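[1] The following block contains a protein sequence and its predicted model.
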Amino acid sequence: MRGNKLGKKDKKQKEALNKSSVVEETQIQEEPAKKKKFKKPQIPKYLDKPNWTLTGLAAAGMILTAYLSLIHWFGQKPLLCNEGSTCSIVQGSRWGTFLLLPTAFWGFLTYTALAFIGFKIRNRASHWKAAWTVSLIGFAYSIYLVSISIFVIKATCIYCLASFSIMTIIFIVMTSQRSWLPNLNFASWARQAAIVAVIIIGGMHLHYSGIFYSGAGPEKPYLQGLVAHLVKEDAKMYGAFW
């Protein structure tokens, strides 16, 4: 009887030792697995310096559009944009102004907003969302104006194409910087911003169509350019009646 008790006791001790060894082995196996886990790098909430790429591009756009706005207000023609040229025709068309202000001035305000965002706003989320939305609207409006000049006015303006190029680059840069917000649902945000852009551009198109302001109604750009040229040359019409 005593031998049986000792045998059972030894058996229990062996089972306890086996269990402890199994626990130790599982702990040893789990330790390397824990070591393999890498923590995702934390992206700072704030920028440590201005977004110089955005600020520099926006500053270039401000200089260009400020020049065109001042030229318009002083009644002058931009360089390389002589009277009767395709550039002059585009600048003198109804798309050359919006709400009685030169279109270039609205571009200047857009670039100024982007420069302010790039230099002043340091919160990453606010910075990117604001800059991307403004650049999307500016990019969409630039596409609209370039399409109008090519397919409707049938003339191009080097200054308009230059502004279009700057805005396109800004939009590409801001789109590439969306990695600043890895947790952002970009597709959902893009849809919302696109709806806002469509509403704004659609309203502008209705304005240019004469829906809101009859003075901005359809015109014949080339005919308008010819009239301006004849007025400048002080041309006189001679005719005879019998």
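    That came through fine. Numbers count the residues shown, from 1 in each chain.

[2] any low-confidence regions in the chain?
    Along the chain, segments meeting pLDDT under 70 span 1-42, 212-242.

[3] mind listing the strands for it?
    Secondary structure of the chain (DSSP state E): strands at 97-98, 101-102.

[4] Let me know the distance separating residue 151 from residue 87.
    17 Å (Cβ to Cβ, to the nearest Å). In this view, the C-beta of every residue, glycine as well, is placed from N, C-alpha and C.

[5] Tell me which of those two has more neighbours.
    Per other Cβ atoms under 10 Å, whichever of residue 151 and residue 87 has more neighbours is residue 87, with 22 against 8.

[6] Would you check how far apart that one and residue 146 are?
    Counting by Cβ to Cβ, the gap from residue 87 to residue 146 is 13 Å.

[7] Out of the strands of the chain, which is closest to residue 190?
    Residue 190 lies closest to strand 97-98 among those, at 25.7 Å (Cβ to Cβ).

[8] by contact count, what packs against the closest one?
    Packing partners of strand 97-98 (3 or more Cβ pairs under 8 Å, 6 or more residues apart in numbering; DSSP states H and E): helix 186-208.

[9] again, only this time at 10 Å
    If contacts are counted by 3 or more Cβ pairs under 10 Å, 6 or more residues apart in numbering; DSSP states H and E, strand 97-98 sits against helix 103-120, helix 186-208.

[10] Just the buried positions in the shortest one, please.
    Buried residues in helix 103-120, counting neighbours by 16 or more other Cβ atoms under 10 Å, are found at 103-108, 110-115, 117-119.

[11] cool, and the last one?
    Within helix 186-208, the residues that qualify as buried by neighbour count (16+ other Cβ under 10 Å) are 189, 190, 193, 197, 201, 204, 208.

[12] re the thing from before, spit out the residues that contact residue 87 and residue 146 alike.
    156, 157, 160, 161 (Cβ atoms under 10 Å, 6 or more residues apart in numbering).

[13] Closest one to residue 178 out of these, please.
    Set against residue 178, the nearest of these by Cβ to Cβ is residue 161 (26.8 Å).

[14] what's the spacing between that closest one and residue 207?
    23 Å.

[15] How about residue 134?
    Distance of residue 134 to residue 207, given as Cβ to Cβ: 20 Å.

[16] try residue 109
    Distance of residue 109 to residue 207, computed by Cβ to Cβ: 17 Å.

[17] Just say which of the strands of the chain is most tucked in.
    Most buried of the strands of the chain, by mean neighbour count (mean count of other Cβ atoms under 10 Å): strand 97-98, with a mean of 19.

[18] what pairs with that strand, and is each one parallel or antiparallel?
    Using DSSP bridges, strand 97-98 pairs in its sheet with strand 101-102 (antiparallel).

[19] still on that earlier bit, and the helices and strands packed on strand 97-98 as TSV, adding distance to residue 63?
    Below are the helices and strands packed on strand 97-98 laid out as TSV (distance: least, Cβ to Cβ, whole Å):
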stretch	distance to residue 63
helix 103-120	9
helix 186-208	24
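
[20] close enough to count as contact, residue 127 and residue 47?
    Yes. Counting by Cβ atoms under 10 Å, residue 127 touches residue 47, with 6.5 Å between them.
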